[in-house]
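J.: After the sequence you'll find the predicted model.
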Amino acid sequence: MKLFSEKKRKLFLLTLTALFFISNIAFSQDDQRWQINSDGTISWQINNAIPHDDHIEMSSKKVSCVLRYGVAADGSFHATRSLIWPMLRTVPNNTHASFTRQFAQDAFDLVTVNYKPITEEKTVSITLNGTLLIKSKTNALELTRQFFPSTALAGYNEIYTIKNTSEKNSIVEIPKSNTIYTSDPTKGTEGSYKVQVQLFNDGTFNLKPNESVTFSVFYSGVKTSESVPTVNAEEEKNKRIDLIREIWSKLILETPDQVLNTEFAFAKIRAAESIFETKNGPMHGPGGESYYAAIWANDQAEYVGPFFPYLGYEYGNQASLNAYLQFAKFINKDYKPIPSSIVAEGTDIWAGAGDRGDGAMIAYGAARYALSRGNVDEAKQLWPLIEWCLEYCHRKINAEGVVASDSDELEGRLPAGKANLNTSSLYYDALNSAIYLGKVLGKNESLLKIYKTEAEKLKTAIENYFGAKVEGFETYKYYKENDVLRAWICTPLTMGIYDRKDGTIDALFSPRLWTKDGLASIAGDKIFWDRSTLYALRGVLAAGETDKALDFLHYYSNRRLLGDHVPYPVEAYPEGDQRHLSAESGLYCRIFTEGLFGIHPTGLRSFDFTPRLPKNWSIMKLKGIHAFECDFDITVERAGKNLRLKITDGKKLAINKVIKDGTTINIKL
C-alpha cells in the first residue's frame, strides 16, 4: 500500500508539472513580443500590443546607461536615459556613490520641419544589436534614433536621422544646443562635476524628396578640471559595433535551437561590456544604477570570473584576475573574514552582511578561473588566495561537519540559518578544483591529500546535515530549520553531487518552485532571483537530465530574449524591477560551457568532458573557445546510439572520437 501511494504521488507530481509546463509554453508563445532577425539581432515590430515600456542597460569603460524606453498608446516613442559615471565619485564614497543624472529630452522635440514641431509620430520598429535602434514615421518623414555608450570615452551618444518621404521639399531646422550642468562641489569627492549635452550638425537644411539629414547628441561627464572629450558620433557607433562583433566572433554557440544561440550571443554582450576602468585597474561591475567600480565575492569572483577564459575577451580576463588580486589584499594571519565587496574603485570595502560564505565563493571562483585560464603565472599568483580561503572555510566547519556563515549571497533577504547549503557546496567544489590546480603547480602532496579527505568528509556531511524530505521531495533543506522548498537546492548538482538528483530535479521543476519567470526563491512567494534559475539549469544538464532541462531552458531563454523584458537574464523581482545586472549573463553562458557541453577543468591544459546532446538534436557546436590558453572548436554529433566528438585547433582536427552517450572523458590539449 505504501509503494502504491508513492507511485501515485510521483505520477500526480509528474502530471502537475507537465500541465504547468504546457501552460507556461502557451504563455511564452502568446507573450512573445520580439523576433530574431537573420543577422542575429532582435526586433520588435510595433503592432497593437501597446502601450509597452521596457528598460535595458548598456555599459562601457567609463559610463553606463540605463535606458527606460517605450511606445505610447498613440504610437509615439519615449525614453529616459539614466547616465552613470562610475569614476566620478560622490559623497559619501560608498557602494552606490557613482555620479548619476537622468534626462528625458528627445532631440526630435527640438527640431522643426517646415517651421512646425514633428507630430503624429508612429513607431515602426525597435531593434537591439548592441545599440538601441528605433525607426518611426509621420505622414511625410522617416525618423531614426540610435542610442549607445562610447566604448572608451566618458560619454553616451544618440544619433538622429530625418528622411523626407514626401513629394515636396522640406525645411528642417536643427538648433544649436550646448547645455552644461555643474554639480554641487560639496557632493563630489573631487569637487564639482560637469555634464555637457552637446548637439552636433545644427543648421537649416532644405531636404528634397528622399533626402536625409543626420545629427547627434553627446552626453559627457567629467571633472571640472578636465576637458570634454572630442567626439565623432559615427566613429563612436562604429567602435561600439566593432566591440559587439568581437564578442560575437568568439565562443559561438551553434545548436538547432535559434533562441538558445541568440540569447547566448546577447548574454555575452552584457557579461563583457560592464567593466570599468578604475584607478585600481579594470573592475567588472554588476550595474543596475547601484553597483559600479566595485567587485563582489559572488557576482565577480563566483559567477562571471570563471566564464571569461572561455570567451577569450582579454579585458574580461584582466578584470577577473584583478578582482581576485584585490580580494587577496585582505588575506590575514588571524583569518578574519575577507570583505564581501571592495568598493569605490578599490579604495574601501563593504561587509554589511557579515560573512556570507565569501571565502567559499572566492576559492571556488578563483580555482575555476585559474584552471580554465591555463596561465601558470596567473595560477601561481592566485594560489595563496585560494589556499587561504580554503583554510578559512575549514576553520568555519561546525560540529556537524558543514561550513557556518552569518548569511548567504542574499545577505539576509531570506532566511539562511547558521549554515547554508550554498556555502558548503561551493567549498566542496573549491577543494576539488584546488587539488587539480595544486598538482599542476607542484604543491605539497600532503596538503592535497588533506583537501581530498576534507572534500570526502564534507560530501558526507552535506548529505547528513542538509539531506531531507521537503514538501514531499527527497531533496535538501537549505538550512537546518528549513521546511519550505528553496531555489538553491540546485547548488549540489552544479558541484557534481548527485546523491539526491531525482528528488531535487522533481522539486525544482514542480509548480511549487517553477514559475513563469523561472524559479521562485522560496516556494509560494513571488520573489525570484535569476541566478538560482541559471545555476539550476546548469546543474540539471550536468546531472544528465538533458531533455527535461532543455524544455525549461528554451522556455526561460525565449521569455528573456523575446518576451516583454529583453534581452538579458535579470537580477531579481520585485527588488530592482528585473535590472540587467551583468554577472547573471555570465551565469547564463555557463549553462552551456559547463552544463550542455560539460566542460570541467582538471588542469591548465585539460578538462573532463561530458557532452549532453538532446535526443532530438543531431549536432551541436561550441566554436572559438579560448580556455586553457588554446583556441579550439568542439563539435558533438549523433553517431547511432553513440556520440562523435570532434575537437579542432584552427584547421587541425585534434580529436575525433566516438563515445557512449553520458560518458565522461578527459581531454588533454
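T.: Thanks, I have it.
J.: The stretch 251-400 of the chain: strands as residue ranges?
T.: 252-254, 275-278, 281-284, 295-296, 341-343, 348-350 (DSSP state E, counting those that start in this stretch).
J.: Would you reformat those strands as JSON lines and include distance to Glu302 and mean pLDDT?
T.: Bear in mind the C-beta positions are built from the backbone N, C-alpha and C, glycine included. Converted to JSON lines, those look like this (distance: least, CB to CB, whole Å; pLDDT from 0 to 100):
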{"stretch": "strand 252-254", "distance to Glu302": "22", "mean pLDDT": "98"}
{"stretch": "strand 275-278", "distance to Glu302": "17", "mean pLDDT": "98"}
{"stretch": "strand 281-284", "distance to Glu302": "12", "mean pLDDT": "98"}
{"stretch": "strand 295-296", "distance to Glu302": "8", "mean pLDDT": "98"}
{"stretch": "strand 341-343", "distance to Glu302": "12", "mean pLDDT": "98"}
{"stretch": "strand 348-350", "distance to Glu302": "16", "mean pLDDT": "97"}
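J.: Single out the most deeply packed of the ones you listed.
T.: Mean neighbour count (mean count of other CB atoms under 10 Å) peaks for strand 295-296 among these, with a mean of 28.
J.: What helices and strands are in contact with it?
T.: When contacts are defined as 3 or more CB pairs under 8 Å, 6 or more residues apart in numbering; DSSP states H and E, strand 295-296 packs onto helix 314-328, strand 341-343.
J.: So what touches that strand?
T.: Residues outside strand 295-296 that contact it (CB atoms under 8 Å, 6 or more residues apart in numbering) are Met283, His284, Gly285, Pro286, Ala301, Ala323, Gln326, Phe327, Ser340, Ser341, Ile342.
J.: mind listing what the last one touches?
T.: The neighbourhood of Ile342, defined by CB under 8 Å, 6+ apart, consists of Ala294, Ile295, Gln326, Phe327, Asp348, Ile349, Trp350.
J.: Including distance to Asp530, could the strands of the stretch 251-400 of the chain go into a markdown table?
T.: Formatted as a markdown table, these follow (distance: least, CB to CB, whole Å):
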| stretch | distance to Asp530 |
| --- | --- |
| strand 252-254 | 19 |
| strand 275-278 | 20 |
| strand 281-284 | 17 |
| strand 295-296 | 16 |
| strand 341-343 | 20 |
| strand 348-350 | 22 |
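J.: Farthest pair within the contacts of Ile342?
T.: Taking CB to CB, the two most distant members of these are Phe327 and Asp348; they sit 13.9 Å apart.
J.: what is the rounded mean pLDDT of stretch 655-669?
T.: Throughout stretch 655-669, pLDDT has a mean value of 96.
J.: What's the end-to-end length of it?
T.: This stretch, stretch 655-669, spans 9 Å end to end (CA to CA, to the nearest Å).
J.: How about stretch 144-159?
T.: Length of stretch 144-159, first residue to last, CA to CA: 8 Å.
J.: Quick one: distance of that stretch to the chain centre.
T.: Counting by CA atoms, centre = their mean, to the nearest Å, stretch 144-159 is centred 22 Å from the centre of its parent chain.
J.: could you give the mean pLDDT of that stretch?
T.: In this model, stretch 144-159 carries a mean pLDDT of 98.
J.: ok, now stretch 83-96?
T.: 98.
J.: Can I get that stretch as CSV, trimmed to CA atoms?
T.: Extracted as CSV, the C-alpha positions of stretch 83-96 are listed here (Å, rounded to 0.1, in the frame of the first residue of the first chain):
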residue,chain,number,x,y,z
LEU,A,83,23.6,58.0,-17.1
ILE,A,84,26.1,56.8,-14.6
TRP,A,85,29.8,57.8,-14.4
PRO,A,86,31.4,55.3,-12.0
MET,A,87,34.7,57.1,-11.7
LEU,A,88,33.1,60.4,-10.7
ARG,A,89,32.6,59.6,-7.1
THR,A,90,30.1,61.3,-4.8
VAL,A,91,29.8,61.8,-1.1
PRO,A,92,29.7,59.6,0.9
ASN,A,93,32.0,57.5,-1.2
ASN,A,94,30.3,54.2,-0.6
THR,A,95,29.0,51.3,-2.8
HIS,A,96,26.4,53.4,-4.5
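J.: picking up where we left off before, including distance to Phe276, could the helices and strands packed on strand 295-296 go into TSV?
T.: Output for the helices and strands packed on strand 295-296, formatted as TSV (distance: least, CB to CB, whole Å):
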stretch	distance to Phe276
helix 314-328	9
strand 341-343	12
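J.: Tell me which of those sits most buried.
T.: Using mean count of other CB under 10 Å, strand 341-343 ranks as the most buried of the helices and strands packed on strand 295-296, with a mean of 25.
J.: Sheet-wise, list the partners of that strand with their directions.
T.: Sheet partners assigned to strand 341-343 using DSSP bridges are listed as strand 295-296 (antiparallel), strand 348-350 (antiparallel).
J.: how about these, which one is nearest Gly598?
T.: Of the strands paired with strand 341-343, nearest to Gly598 by CB to CB is strand 295-296, at 27.4 Å.
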